[in-house]
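missing the sequence, but the structure's below:
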C-alpha cells in the first residue's frame, strides 16, 4: 500500500506492509559526481514533486569485498548513492514520537551495502523505533587525502545524513532529540570516530558500536598508498588523476591489491573532524552520550574453530591475534577512555556458537531478523530465537533511553560484560575477565570483551 509523507525535504512516497512503513533510497545529498565527487557533500535540494521511495536506491559499493560474503550485500547501480532508508511504525501509533536508530553498515570502509536484508528495520518498527540506514562514500572516494579536497568525506556524508534526520525525521514519527547512532565493523568504528569528534556533538544522543575498532590513519600513510595505487593504475596520484578513474575501476583496483598492499583507507586523523586519535578524542568528547559496545567471541578466528579445534585453542590463546588486538581490545580501551563520562559505557560479548562466534553473526540477532535471506546459510537452520529476543530487547531498551541492566564498565580488568549465547549463561549474566592483550602483554583465553 502506498504511503506518502510531507517532510521538510519534500513529499516522499513509500509503501506500507502491515504495521510497517518503508521509505527507501531517499537522497540526503546531491549526487557525488563531477566536481562534487571529491568534495564535501551538498544537501539535497527540496523535492518539488513526490519522490518515489518504494525501493532501495543506488549503493556506493560497486565491487563486493568477496564473491560470497556473510551478509547479503547487494550492489545497486546509479550515481545517487548518498541516500538513506527509513523504516517506521504507522503514523497513528500511540507510542509516537519514536526514538530513532541510525545504522551505519560495515565492509571495511571499502564495501558494504545499506540495502542488505539483514538491516531491515521491521522489528524496530514493531517495537516503537524508527530505523534509518545510511549509504556513504567508500574506499578512495570516501577517504582519499589529496590536495584541494576535504579529508574524511565518508564521515562528512554520515554527518550530513544525521543533519537530514534531525530536520526530517519528525515527519516519519521520529523524535529528533532521541537519536542513537549505531553500526557494525567499519560502521562501529565510524560510531567511535564520530563519538570522539567535536563535530559529533549534538547530532546523536546515544551510541552503539558492534565489533568496532580504533581505526585511524595518518595523512602521510594515505598519500603514500595513493601514490602506489596511482602508479599501478597509470594515473597521477592527484585529484584530477583519480577523478579520471570510474568508481568501479578504483574499487576493483583497491580490492585486487589489498593482499599485497593493504589499503589504509579509513578515518583520517589530523583534520577538523578527527583532530586527535580516536582514543584521545573519546577521553575529551561525547561524555554526555551513553555507549553500548562489544564484539563477538571469535571475530576472524572461525576458520580454525571449524577445521581444527587444537589450532583454534592455540589461536584463542595468542594475545596478538586479530580478534583481540583489533576488535575485543577496543572495548576496555574505550571504557577506560570514557571512565569519567557521566553517561556511562556498557560492554557485551556475543558467544554463540561457542568457538565459532565469528564476525557479523550477531547482526541478525540484534535486528531480530532470523528469517531474513542469507541467515540459514550463515547461522544454520535453527539459530536460537530466544537469543534474538533477548539481544534485540536489550538494544530496544537502550534506544528507548533505558540504562543497560548490568554494571557500567570503567576499563579495568574484570569489568562486567553482558554475555550472549555461551552455553549455560542466563540472559542477565555478566562475564568477567575483560582482556586487553596489548596492555597485559601475555596470553590467556579471552572472556568478556
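Right, received. Where do you want to start? The model shown is predicted, which means the values in this text are computed figures rather than measured ones.

For this protein, which strand extends over the most residues?
strand 174-184 (DSSP state E).

buried set for the host helix or strand of residue 386?
Taking DSSP states H and E as the criterion, residue 386 maps to helix 385-399. Within helix 385-399, the residues that count as buried by 16 or more other C-beta atoms under 10 Å are 387-388, 390-392, 394-396, 398-399. C-beta: built from backbone N, CA, C; applies to glycine.

on contacts alone, who are the packing partners of the longest strand of the chain?
On a contact count with 3 or more C-beta pairs under 8 Å, 6 or more residues apart in numbering; DSSP states H and E, strand 174-184 meets strand 98-104, helix 153-168, helix 186-195, strand 206-210, helix 385-399.

Select, out of those, the one closest to residue 2.
Closest approach to residue 2 among the helices and strands packed on strand 174-184 is made by helix 153-168 (19.2 Å; C-beta to C-beta).

same question for that closest one, mean pLDDT?
Averaging pLDDT along helix 153-168 yields 98.

Distance from that helix to the middle of the chain?
14 Å (C-alpha atoms, centre = their mean, to the nearest Å).

mind listing the strands for the stretch 1-150 of the chain?
In the stretch 1-150 of the chain, the segments counted as strands under DSSP state E, counting those that start in this stretch are 2-7, 10-17, 20-27, 51-52, 83-89, 98-104, 130-134.

Output these as a markdown table; include the columns mean pLDDT, mean neighbour count and distance to residue 142.
Below are the strands of the stretch 1-150 of the chain laid out as a markdown table (pLDDT from 0 to 100; neighbours: other C-beta atoms under 10 Å; distance: least, C-beta to C-beta, whole Å):
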| stretch | mean pLDDT | mean neighbour count | distance to residue 142 |
| --- | --- | --- | --- |
| strand 2-7 | 96 | 16 | 27 |
| strand 10-17 | 97 | 17 | 26 |
| strand 20-27 | 98 | 23 | 17 |
| strand 51-52 | 98 | 19 | 25 |
| strand 83-89 | 98 | 27 | 15 |
| strand 98-104 | 98 | 26 | 12 |
| strand 130-134 | 98 | 27 | 13 |
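
picking that back up, relative to strand 206-210, how tilted is the longest strand of the chain?
Put simply, strand 174-184 runs at 20 degrees to strand 206-210, going by axes from the mean of the first three to the mean of the last three C-alpha atoms, to 10 degrees.

Can you tell me the strand partners of strand 174-184 and which way each runs?
Using DSSP bridges, the strands paired with strand 174-184 in its sheet are strand 98-104 (parallel), strand 206-210 (parallel).

can you list contacts of the shortest one?
Just to be clear, that refers to strand 206-210. 178-185, 187-189, 191-192, 195, 286, 289-295, 334, 362-363, 366, 395, 398-399, 401 (C-beta atoms under 8 Å, 6 or more residues apart in numbering).

Mind checking the strands of the stretch 1-150 of the chain for the one nearest to residue 267?
Of those, nearest to residue 267 by C-beta to C-beta is strand 98-104, at 12.1 Å.

What is the end-to-end distance of stretch 194-201?
9 Å (C-alpha to C-alpha, to the nearest Å).

do stretch 167-182 as well
Start-to-end span of stretch 167-182 (C-alpha to C-alpha) is 19 Å.

sorry, back to before: which of the contacts of strand 206-210 count as buried?
Buried, going by 16+ other C-beta under 10 Å: 178-185, 187-189, 191-192, 195, 286, 289-295, 334, 362-363, 366, 395, 398-399, out of the contacts of strand 206-210.

Quick one: end-to-end distance for stretch 90-103.
The first-to-last residue distance of stretch 90-103 comes to 20 Å (C-alpha to C-alpha).

so which of the helices and strands packed on strand 174-184 gets nearest residue 131?
Among those, strand 98-104 comes nearest to residue 131, with 5.0 Å by C-beta to C-beta.

Run through who's touching that closest one.
Against strand 98-104 from outside (C-beta under 8 Å, 6+ apart): 88-89, 114, 119, 121, 124, 128-134, 136, 158, 161-162, 165, 169, 173-176, 178-183, 186-188, 190-191, 204, 399-401.

can you rerun that using 7 Å?
Contact with strand 98-104 is made by 89, 119, 124, 128-134, 158, 162, 165, 169, 173-175, 178-183, 187, 190-191, 204, 399-401, as judged by C-beta atoms under 7 Å, 6 or more residues apart in numbering.

Stretch 225-237 now?
144, 146, 241-242, 244-245, 253-254, 257, 261, 263-264.

Show me which of those residues is closest to residue 34.
Looking across the contacts of stretch 225-237 and measuring by C-beta to C-beta, the closest to residue 34 is residue 244, at 12.4 Å.

Leaving aside the residues adjacent along the chain, what's closest to that closest one?
residue 235 (5.9 Å; C-beta to C-beta, 6 or more residues apart in numbering).

And for residue 343?
Excluding its sequence neighbours, the residue lying closest to residue 343 (C-beta to C-beta, 6+ apart) is residue 290, at 4.4 Å.

okay but the one you found is in contact with residue 338, surely?
No. Residue 290 is beyond contact range of residue 338, at 10.0 Å (criterion: C-beta atoms under 7 Å).

Show residues contacting stretch 124-137.
So stretch 124-137 is contacted by 19-20, 32, 59-60, 81-89, 95, 98-104, 114, 119, 121, 142, 153-154, 157-158, 161, 165, 169, 172-174, 396, 399 (C-beta under 7 Å, 6+ apart).

avg pLDDT for stretch 393-411?
93.

circling back: could you dump the buried residues of helix 385-399 into JSON lines with distance to residue 36 added?
Putting the buried residues of helix 385-399 into JSON lines (distance: C-beta to C-beta, whole Å) gives the following:
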{"residue": "387", "distance to residue 36": "44"}
{"residue": "388", "distance to residue 36": "41"}
{"residue": "390", "distance to residue 36": "45"}
{"residue": "391", "distance to residue 36": "40"}
{"residue": "392", "distance to residue 36": "38"}
{"residue": "394", "distance to residue 36": "40"}
{"residue": "395", "distance to residue 36": "35"}
{"residue": "396", "distance to residue 36": "38"}
{"residue": "398", "distance to residue 36": "36"}
{"residue": "399", "distance to residue 36": "33"}
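
All set, thanks.
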